[in-house]
Every structure is written in structure tokens, then in C-alpha cells.
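A.B. asks: Got a sequence here, can you build the structure:
(one chain, ligands or ions: 1)
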Amino acid sequence: MKPEELSKKLAGEKAVDYIEQDMLIGLGTGSTVFWTMQKLAERVKEGLRIQAVPTSTATEELARKLGIPLLTLEDVKELDLVIDGADEISAELDLIKGGGGALLREKLVALASKKRIIVADSGKLTEELGGFPLPIEIVRFGWEQTFSRVLQLGCQITLREAENTPFITDNGNYILDCKFDGITDPVGVHQQLKLLPGVIETGLFVQLADVVVVGFPDRFELLER
Ligand SMILES: O=C[C@H](O)[C@H](O)[C@H](O)COP(=O)(O)O
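C.D. replies: Okay, the predicted model is just below:
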């Protein structure tokens, strides 16, 4: 296994230690949470009782395959914890998420959770957010108008594509990947974007991580807020 994958595996698996009997949990999306789910499925087979809200259809499908019991966000008032990945993590533990296009459901699940645990390889740590283009979810109707409005905030934008056609999220929307010249004020950037008609949600997760499990090829470190 490559060092980056080993790091993801270590971080992803470690986070399962936070899950206790009868918890209601959120399951994030991506290649690091993949490892969380593998380990969690082992624990479920050994007798751990949990129910999980998936943050994407991809996670839902994997959970079904692995035999992890599912429920929907509409079925619960609150989740005990969520385990999710990230594309960038600042020193303040603010995040950029949405590399896999799941940011809207991920944010809704994060906000419904009492504790938020992020799993990531050490390559995701950064001094300042913005090296990774910020994903924002927009409505398809009139998307070029929204594109132009976002452009005026001073970023370079790419409409995300998959196999040469626009990528469509689980919610039926488009994603704009917005490259800013560093994001020093994540709250300000998030608020400016949210004011624009057509923008549904941004991949900026500010103060939404309680613990970050950082994986290295041979160890993990815990960062806490
Ligand atoms: O939309 C996708 C999510 O925000 C992922 O959690 C994020 O992209 C990190 O994924 P990975 O663990 O594959 O790097």
C-alpha cells in the first residue's frame, strides 16, 4: 500500500474507537471514510449496535454492501457523532470539503451531530485554506449567471465535470470549484458566497471539527479544538 493510503487507513480506522454501543452516527464520504466503514463493519459483525446516516449515495451503497444499519436524517433529532473526511485542514481546524461533491449533505449531517470527527492523511494539513479549490454547490437553473456572480468575488472557477459532462450532485445540482488566492477569512468568504442567489452551500466548514485524526504512514496524531 502507498504511504498516503496507509495514512488514510490508519486515520480512518482509528476514528472507530469513538463509536459506542447504541450510538446514532453520521458517515461521511470519501477514500478515508472508506477505511472507517471497513473497520466499523467488522465491529458491527462482532456485535456493535449502531445506526448510521450516510452523507452520499456512494456511502449509502457501501454501507449496504458492508451490512452497516442505516437510517435517514429525517428519522433523527440528533446524532451522537459524525466521522468524515476533508480536503484541507487549517491550523484552526477549519476545513475545505466537497472534493467528492458531497458537501451539502455532509454539512447538514455535521450540524446535526454532537461531536464531529475528521479523518485525513497528513497531506491535508495547511497553514492557510485555499490551496485546494473551494467547491460550492449551485442550482443548475441559470448556472452561468451564478458563475458570473461568484467570479466577481475574485476567484478562478471551473464548472466540475465528470466524463466531459457537468458533474451532478446527489441533490441534482452543479459544483463550481473556486480557486481563491488564499482564504484568510473563511467566515467572510462563506457569507459572501451564501448571499448570492443560486449558491446553495459552500465547502467551507468553519468550527465544525472537534477532533481531527491525522494519519501518517506509521502512526496517527489527534488534533482537538
Ligand atoms: O465531498 C467529499 C468529501 O468532502 C470528502 O470527505 C473529502 O473530499 C475528502 O475525501 P478523501 O478522504 O477521499 O480525501
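A.B. asks: Show me which residues of the chain sit near the ligand.
C.D. replies: 28-32, 84-87, 97-103, 106 (CB under 6 Å from any ligand atom). No exception for glycine: its C-beta is placed from N, CA and C like everyone else's.
A.B. asks: Could you identify the buried members of the residues you listed?
C.D. replies: 28-30, 32, 84-87, 97-103, 106 (16 or more other CB atoms under 10 Å).
A.B. asks: quick one: which of those is nearest to residue 38?
C.D. replies: The closest of those to residue 38 turns out to be residue 32 (CB to CB; 11.2 Å).
A.B. asks: tell me the domain ranges of this protein?
C.D. replies: Residue ranges for the domains of the chain, per automatic domain parsing: 3-126+206-218, 134-201.
A.B. asks: and among the ones you listed, the most buried is which?
C.D. replies: When these are scored by mean count of other CB atoms under 10 Å, the highest mean neighbour count falls to domain 3-126+206-218 (a mean of 20).
A.B. asks: From start to finish, how long is it in a straight line?
C.D. replies: Distance between the two ends of domain 3-126+206-218: 9 Å, counting by CA to CA, to the nearest Å.
A.B. asks: Can you get me the centre-to-centre distance for it and its chain?
C.D. replies: 8 Å (CA atoms, centre = their mean, to the nearest Å).
A.B. asks: I'd like the mean pLDDT over that domain, please.
C.D. replies: Domain 3-126+206-218 carries an average pLDDT of 98.
A.B. asks: Pipe the domains of the chain into CSV and attach distance to residue 225 per row.
C.D. replies: Output for those, formatted as CSV (distance: least, CB to CB, whole Å):
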stretch, distance to residue 225
domain 3-126+206-218, 5
domain 134-201, 14
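A.B. asks: hang on, residue 64 packs against residue 70?
C.D. replies: Yes. Under the criterion of CB atoms under 8 Å, residue 64 makes contact with residue 70 at 7.0 Å.
A.B. asks: Identify the residues contacting stretch 209-223?
C.D. replies: Contacts to stretch 209-223, defined as CB atoms under 8 Å, 6 or more residues apart in numbering, come from residues 3, 6-12, 14-15, 18, 32, 86, 89, 93-95, 115-122, 124-125, 224-225.
A.B. asks: quick one, helices of the chain?
C.D. replies: 3-14, 33-45, 57-66, 103-111, 143-151, 186-194 (DSSP state H).
A.B. asks: got a list of what residue 126 touches?
C.D. replies: Contacts of residue 126 by CB under 8 Å, 6+ apart are 88, 89, 90.
A.B. asks: Cool, thanks, talk later.
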